[in-house]
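Undergrad: next come a sequence and a model predicted from it.
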Amino acid sequence: LNLAVLISGGGSNLQALIAATAEPGFPARIVCVGADTDAPGLAHAERAGIPTFVIRPGDFRSRDEWGQMLAAAIQEHGVGTGPNPGLVVSAGLMRILPEGFVGAFSPELINTHPALLPSFPGAHAVRDALAAGASETGVTVHIIDEGVDTGPVLRQAVVEIREGESEDQLHERIKEVERPLLVATVREIAEGSLDLAAVAAGRTGAD
Ligand code: GRF
């Protein structure tokens, strides 16, 4: 299974995927990494010899045009075209993907979110869970649909919230759970034990 990974920041989830896909026998490989900015995480891909590209929303007149360019760059690497559509993994991309982009790739388009959706959607999930005084939160891997953090849930894991911890401390503890969960979910999709089309059609209770 060919993967295109999209990031905006440090890319520790990308790093985990690079390590996992480097294992002999892992049923997927990363064919490109894209970012919406000069994300520090791109260095992980460069070190691994994985092609990277930066496509900035600010360089385009509209979000749709940005989405079209992003889609073209991913398709140029063979993901989203032909009989084996591959998989696009949003791993810390801090952008809402335009409808045209979602339509081009979903359901072979997944995201990891640092909360137990539908709780705490949006760009400040960890902060929001803390502010809400929740006793626990977690991480969700889901299919990206036309909404924001609304697509069908694939896998979730719970992380307890510790008294007085900071947003960064909690987010780091969430990521310790998130990285293996994302790797395991990608593996299951690649092995066919997790059928994205079936989940997207609501035919299985995969969540
Ligand atoms: C992850 O927790 C992801 O769920 C959220 O942003 C974080 C990115 O972390 N959207 P990293 O760049 O993979 O370290």
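TA: Ah, there it is.

Undergrad: hey, let's count contacts and neighbours off CA atoms from now on
TA: OK.

Undergrad: near the ligand at all, stretch 124-141?
TA: No: counting by Cα under 6 Å from any ligand atom, the ligand has no neighbours in stretch 124-141; the shortest distance is 7.1 Å.

Undergrad: no, scratch that, I was asking about stretch 80-100
TA: Yes: residues of stretch 80-100 contacting the ligand under Cα under 6 Å from any ligand atom: 91-92.

Undergrad: now stretch 6-14
TA: Yes: under the criterion of Cα under 6 Å from any ligand atom, the ligand is reached by stretch 6-14 at 9-14.

Undergrad: other residues contacting that stretch?
TA: Applying Cα atoms under 8 Å, 6 or more residues apart in numbering, the contact partners of stretch 6-14 are 5, 33-42, 44, 88-94, 175, 178-179, 182.

Undergrad: same check on stretch 56-76?
TA: 4, 32, 34-37, 53, 55, 80-81, 97-101, 104.

Undergrad: how about residue 141, nearest residue that isn't a chain neighbour?
TA: residue 112 (4.4 Å; Cα to Cα, 6 or more residues apart in numbering).

Undergrad: tell me how far the host helix or strand of that neighbour lies from the chain's centre.
TA: Assigned by DSSP states H and E, residue 112 belongs to strand 109-113. A distance of 3 Å separates the centroid of the chain from that of strand 109-113, by Cα atoms, centre = their mean, to the nearest Å.

Undergrad: over to stretch 18-27?
TA: With Cα atoms, centre = their mean as the basis, stretch 18-27 stands 17 Å off its chain's centre.

Undergrad: what of stretch 132-139?
TA: The answer for stretch 132-139 is 21 Å, by Cα atoms, centre = their mean.

Undergrad: the residue nearest to residue 141 and residue 189, how far apart?
TA: Look at residue 112 and residue 189: by Cα to Cα, to the nearest Å, they are 14 Å apart.

Undergrad: show me which of those two is the more surrounded one.
TA: Taking other Cα atoms under 10 Å, residue 112 and residue 189 do not tie; residue 112 has more neighbours (26 against 20).

Undergrad: measure the spatially closest residue to residue 97 that is not a sequence neighbour to residue 147 for me?
TA: Distance criterion Cα to Cα, 6+ apart; nearest residue to residue 97, sequence neighbours excluded, is residue 67 at 6.7 Å. Residue 67 is 15 Å from residue 147, where distance means Cα to Cα.

Undergrad: what mean pLDDT does the host helix or strand of residue 66 get?
TA: Using DSSP H and E, residue 66 falls within helix 63-76. Taken as a whole, helix 63-76 has an average pLDDT of 98.

Undergrad: same deal with stretch 191-207?
TA: When pLDDT is averaged along stretch 191-207, the result is 84.

Undergrad: can you check stretch 16-36 too?
TA: Across stretch 16-36, pLDDT averages out at 98.
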